[in-house]
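Asks: Pasting a predicted model and its sequence here:
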Amino acid sequence: MAESDKPTYEELAAENARLKAEVHDQPKRAARGGRTGQGWKALGLGLLIALGCVGLVVANLGLWANRNLVSQDGYQRIATEIIKQPPVQATLVKAANTEFTSRVDVPAVVKDVLPERAAFLAGPISDQILNGVQAGLQKIVSGPKFQQVWVNVNSRAHARMVSTLENYQGNGQIDLQDVYKYLGQQLAGTPLAAVANTSLPPKFGSITVIDASWLPAVQQAYRTITWAPVVGITLAVVAFAVALWWSGRRRRTLIALTVAGALSMVVASVAVRVVRELRLDQYHDTTYRAGAEAVWQVVLTPLFTQTQLWVAVLAIVLVGAWVTGPYRAAQSLRRGFSGAAERTAQATGNLGANSPAVQWLRKRRRAVEWVLLGLDLAVLAFLTPLTLAIVMWAVAILVALVALLEILTSSKQKVAAGDGN
């Protein structure tokens, strides 16, 4: 190498400084890259948890709508409960009384039938008649016969509406041919069944009887409600499962998604209450507002109860994930529980300590506890109707089984069993 090709001292010093700076900055660049990757991962996990929460809310609303608005039994139960509400009865009485007084001028009728000398009695007699009409309406509305008629009429109307939404194929225009076919179906099995499978002559053409442009939209809403539980539950399960699989800290992610799921349920309930209040604000008459409020209360109570049950189930998962975690408070709680279990085991003479079943449970204690939690949740998922009392019983049984497992598999019991051999 020629003398001129050799690097100078200054060049070597500059290169050395550059290399030192590069080595010094390497951890920072790696940290920045790691933080960027962790940031994208946290964003992805957040989106998955958000999608799962949306699925839970959709499933909750869909289950409530299917059980109480679409189901014939559920709708009949709601109609029966509504007519038993005193504010609803008062609303019907007032509406019927208003309709009666708008069609019949009672004072004028009474005045016409009274002689001139008794005209001064027209006012008191009219008041007596009106009071009697209102009392009679109240007696009718609160009676069991009227309430049964109310339920039957509403149930038949609901059945016709559901049948229409399920079977109608069209653009919202109901023509004369549609009406004729419907009447023919109603005549099937009667002496006039011969018209059931016939059509109108071509000369009638297409005569629109009803232009129900809103029918396709209602039909689509009905189909959406029907599929909402399946779609919502599927979305929630898939999103939460992917989040747990992708997360490097699964227990922390499980706690986060249970908290987010419970909060989403609470927010949805608040939104429903806000919508209810906005709708009630449209009623300025106190009687009608009280009746509408009673109807909303009957209709929405199953939704609020169902939401509370969802939150309770999520709370069970949250507590299970926290208690079995590496947190200081959880470890203290487990130590205290284990100590109580060991003392209980010793007090019972360490029964079953040497059995193969207990030894198998001792090796797989945590896995068995998670299986018990999963079975408890699975049972709750298939119980219908689900009440808060059932959830509390399920929690009590789960706690009892976990306590029994801890007693059977306590560490000191194992030592005592070994000493006995």
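Replies: Thanks, I have it.

Asks: Return the set of buried residues in the host helix or strand of Lys111.
Replies: Per DSSP states H and E: Lys111 is located in helix 106-113. Within helix 106-113, the residues that count as buried by 16 or more other CB atoms under 10 Å are 106, 110-111. (C-beta placed from N, C-alpha, C; glycine too.)

Asks: could you pull out the strands for this structure?
Replies: For the chain, strands defined by DSSP state E occupy the ranges 173-175, 208-211.

Asks: Which of the ones you listed comes out lowest on mean pLDDT?
Replies: In terms of average pLDDT, strand 208-211 trails the rest of those, at a mean of 46.

Asks: still on that earlier bit, in CSV: the buried residues of helix 106-113, plus pLDDT and distance to Val93.
Replies: Listed next are those as CSV, based on pLDDT from 0 to 100; distance: CB to CB, whole Å:
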residue, pLDDT, distance to Val93
Val106, 72, 16
Val110, 70, 22
Lys111, 72, 26
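
Asks: and Val317, what does it touch?
Replies: Applying CB atoms under 8 Å, 6 or more residues apart in numbering, we find Val317 in contact with 254, 258, 373, 377.

Asks: Distance of the nearest residue in space to the last one that is not next to it in sequence relative to Val395?
Replies: With CB to CB, 6 or more residues apart in numbering as the criterion, Leu377 has its nearest non-adjacent residue at 6.3 Å, and that residue is Val313. Going from Val313 to Val395 by CB to CB, to the nearest Å gives 10 Å.

Asks: Looking at these two, which is more packed in?
Replies: Val313 (21 against 17; other CB atoms under 10 Å).

Asks: Put the alpha carbons of the helix holding Lys111 into CSV.
Replies: The C-alpha trace of helix 106-113 is given here as CSV (Å, rounded to 0.1, in the frame of the first residue of the first chain):
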residue,chain,number,x,y,z
VAL,A,106,-123.5,14.1,27.0
PRO,A,107,-124.7,17.5,28.3
ALA,A,108,-126.6,18.2,25.1
VAL,A,109,-128.2,14.8,25.0
VAL,A,110,-129.3,15.1,28.6
LYS,A,111,-130.6,18.6,28.0
ASP,A,112,-132.7,17.4,25.0
VAL,A,113,-134.4,14.7,27.0
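
Asks: returning to what we had before: by neighbours, which of the contacts of Val317 wins?
Replies: Thr258 (23 neighbours).

Asks: Leu361 and Leu404 touch, don't they?
Replies: No: counting by CB atoms under 8 Å, Leu361 does not reach Leu404; the two are 10.0 Å apart.
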